[in-house]
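J.: predicted model and sequence follow; I will ask about them next.
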Amino acid sequence: MLTRWGSCTAKGRIILNPELIKAPKACIEYVIVHELCHLIHHDHTQKFLDLQTREMPEWEKWKNKLETLLA
């Protein structure tokens, strides 16, 4: 998994990139929250983003940090 930090299959299986272990805890939490939100909304619609924001209000900060650190 070189281009994604995580994924959620149609059957609800969450897969995380092993490189994620090098990231700060909050970045890892962001990826996990992101993938858990996909269990409810399988796309990146506004409903998905609203749920993600409700569960982790500063998710964009951690997404950006992750992309700068490990990209």
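T.: Cool, the structure landed.

J.: E35: neighbouring residues, count only.
T.: Using other CB atoms under 10 Å, the number of residues around E35 comes to 20. Heads up, the C-betas are built off the backbone N, CA and C, glycines and all.

J.: C-terminal to the host helix or strand of it, what's the next element?
T.: Assigned by DSSP states H and E, E35 belongs to helix 25-37. For helix 25-37, the succeeding helix or strand toward the C-terminus, using DSSP H and E, is helix 46-55.

J.: now the angle between helix 25-37 and that next one, please.
T.: Orientation note: helix 46-55 sits at an angle of 140 degrees relative to helix 25-37 (axes from the mean of the first three to the mean of the last three CA atoms, to 10 degrees).

J.: what's the average pLDDT for whatever helix or strand comes next after helix 46-55?
T.: Counting by DSSP H and E, the element after helix 46-55 in chain order, helix or strand, is helix 59-70. In this model, helix 59-70 has an average pLDDT of 90.

J.: buried residues, the worst-scoring helix or strand of the chain on mean pLDDT. List them.
T.: In the chain, the helix or strand scored least confidently by mean pLDDT, DSSP states H and E is helix 59-70, which has a mean of 90. Burial within helix 59-70, assessed by neighbour count using 16 or more other CB atoms under 10 Å, is assigned to W59, W62, K63, L66.

J.: any idea whether the residue lying farthest from the centre of the chain is helix, strand or coil?
T.: Here the chain reaches farthest from its C-alpha mean at K11, the gap being 17.3 Å by CA atoms, centre = their mean. The three-state assignment at K11 reads coil, by DSSP: H, G, I helix; E, B strand; the rest coil.

J.: so which residue is smack in the middle of the chain?
T.: So for the chain, CA atoms, centre = their mean, it's V31, sitting 2.5 Å from the centre.

J.: got a list of what that one touches?
T.: Taking CB atoms under 8 Å, 6 or more residues apart in numbering, we find V31 in contact with W5, G6, L16, L20, L66.

J.: 10 Å instead, please
T.: The contact partners of V31, by CB atoms under 10 Å, 6 or more residues apart in numbering, come to 4-7, 14, 16-17, 20, 23, 59, 62-63, 66.
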